[in-house]
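Novice: how would this look folded up:
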Amino acid sequence: MIANHVANVRGDTHQVLGVVTRRYRVFQNAELFDFMDQLVGEQLAMYETAGALYEGRKIWLLARIPKEYRISAADRIEPYILLVNSHDGSGALRVIPTTIRVVCQNTLNLALQTGDALGESIRHYASLKGRVEAARQTLGIVSRRFQVFERELDTLVDKNVSAAWVDAYFKALLPPIREPDDQLRQNRLLERWRENLDNPRNNLPEIRSTAWSAFNAVSEWSDHQRTFRGLDNRMRAERRLDSIWFGLSDQFKQRAFSLALADPKLN
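Specialist: Sure, this is the predicted structure:
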């Protein structure tokens, strides 16, 4: 027994999901759907999919906002709301604005303003009016972030870059060399990113030689080509999805996106 702590137990299997403090606020899975139902019922979003990771320790819902950002007929970005909650105490309930590039299913989570505490708006309201108002408030915060993203997207597409810029950009994203074999891994990464840059998805006429195509070359690797270990295919798939949305792959893409927006000289 640990003082001031309790076990968070899954109701159907009686499996312990985690040990949390007594102050831990349990958001039941039904409450998450109750919140998202208000957006769907108001036709402000449409359910896309939902799922669980690690035997129910992390729950997520994905809903698409009926809008799109079109760079060309072949390159569209769709906005989503990603709602995630953990039952093991590893993280707070979060609402994450997320975009998916249709042509290759690259994803990008969009950081919110520091003062936008969306988790505080998600609670169980007895009245329909309270639930709708909370959903609308959250969507308003998310919509403002998408407006910023649209400007960022225009900046990347309008930024024509040279081969030297791309080379400096890729090298700035490489992990540090700590062991002799790391140099070989770096060379393989650079080769993979350059191959991605030359593929048809990232070499469309409207985006060729832009910072947007360079970003998607590394994002494609992070989402689809990065290797994950696990005892079986399911475990590897879980770790990949967790990393893409919430872990190291997400952190890498955030850094890559910010760097692509930065000064062309990559100072």
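Novice: Now Ile77: closest residue in space, sequence neighbours ignored.
Specialist: Sequence neighbours aside, Tyr69 is the residue nearest to Ile77 in space, at 4.3 Å (criterion: Cβ to Cβ, 6 or more residues apart in numbering). C-beta here means a position set from N, CA and C on the backbone, and glycine is covered the same way.
Novice: That neighbour: neighbour count?
Specialist: Using other Cβ atoms under 10 Å, Tyr69 is surrounded by 17 other residues.
Novice: That one contacts Glu152, doesn't it?
Specialist: No: with contact defined as Cβ atoms under 8 Å, Tyr69 does not count as touching Glu152 (10.5 Å).
Novice: could you say what helices and strands the lengthiest helix in the chain packs with?
Specialist: Taking DSSP state H as the criterion, the chain has its longest helix at helix 128-158. Secondary-structure packing of helix 128-158 (3 or more Cβ pairs under 8 Å, 6 or more residues apart in numbering; DSSP states H and E): helix 29-41, strand 69-72, strand 75-86, strand 94-101, helix 211-220, helix 248-261.
Novice: and the longest one, how far out from the chain's middle?
Specialist: When you say that, I think you mean helix 248-261. 11 Å (Cα atoms, centre = their mean, to the nearest Å).
Novice: That helix vs helix 211-220, what angle?
Specialist: Put simply, helix 248-261 runs at 170 degrees to helix 211-220, going by axes from the mean of the first three to the mean of the last three Cα atoms, to 10 degrees.
Novice: Give me the buried positions along helix 248-261.
Specialist: 249-250, 252-253, 256-257, 259-260 (16 or more other Cβ atoms under 10 Å).
Novice: Run through who's touching it.
Specialist: 107-109, 111, 152, 155-156, 159, 169, 172-173, 211-212, 214-215, 218-219, 222-223, 226, 240, 243-244, 266 (Cβ atoms under 8 Å, 6 or more residues apart in numbering).
Novice: before we move on, what about the fourth one?
Specialist: With contact meaning Cβ under 8 Å, 6+ apart, strand 94-101 is reached by 62, 69, 75-85, 106-110, 112, 118-119, 122, 138, 142, 145-146, 149, 216, 219, 245.
Novice: Quick check: mean pLDDT of the helix or strand hosting Ala63?
Specialist: Using DSSP states H and E, Ala63 sits in strand 58-64. Average pLDDT, strand 58-64: 91.
Novice: Could you list the paired strands of that strand along with their orientation?
Specialist: For strand 58-64, the paired strands and their directions (DSSP bridges) are strand 46-53 (antiparallel), strand 75-86 (antiparallel).
Novice: got the angle between it and helix 29-41?
Specialist: If you take the same axes, to 10 degrees, strand 58-64 sits at 0 degrees to helix 29-41.
Novice: what about the chain, any weak spots by pLDDT?
Specialist: 1-27, 89-92, 113-132, 134-135, 263-267 (pLDDT under 70).
Novice: What residue spans form the domains of it?
Specialist: For the chain, automatic domain parsing gives the domain ranges 25-132, 159-261.
Novice: Work out the gap between the first one and the centre of the chain.
Specialist: When C-alpha coordinates are averaged (Cα atoms, centre = their mean), domain 25-132 and its chain have centres 10 Å apart.
Novice: let's number from 857 now, not from 1
Specialist: Sure, I'll start counting at 857 from here, so that last one is domain 881-988.
Novice: Pull out the buried residues from stretch 909-917.
Specialist: 909, 912-917.
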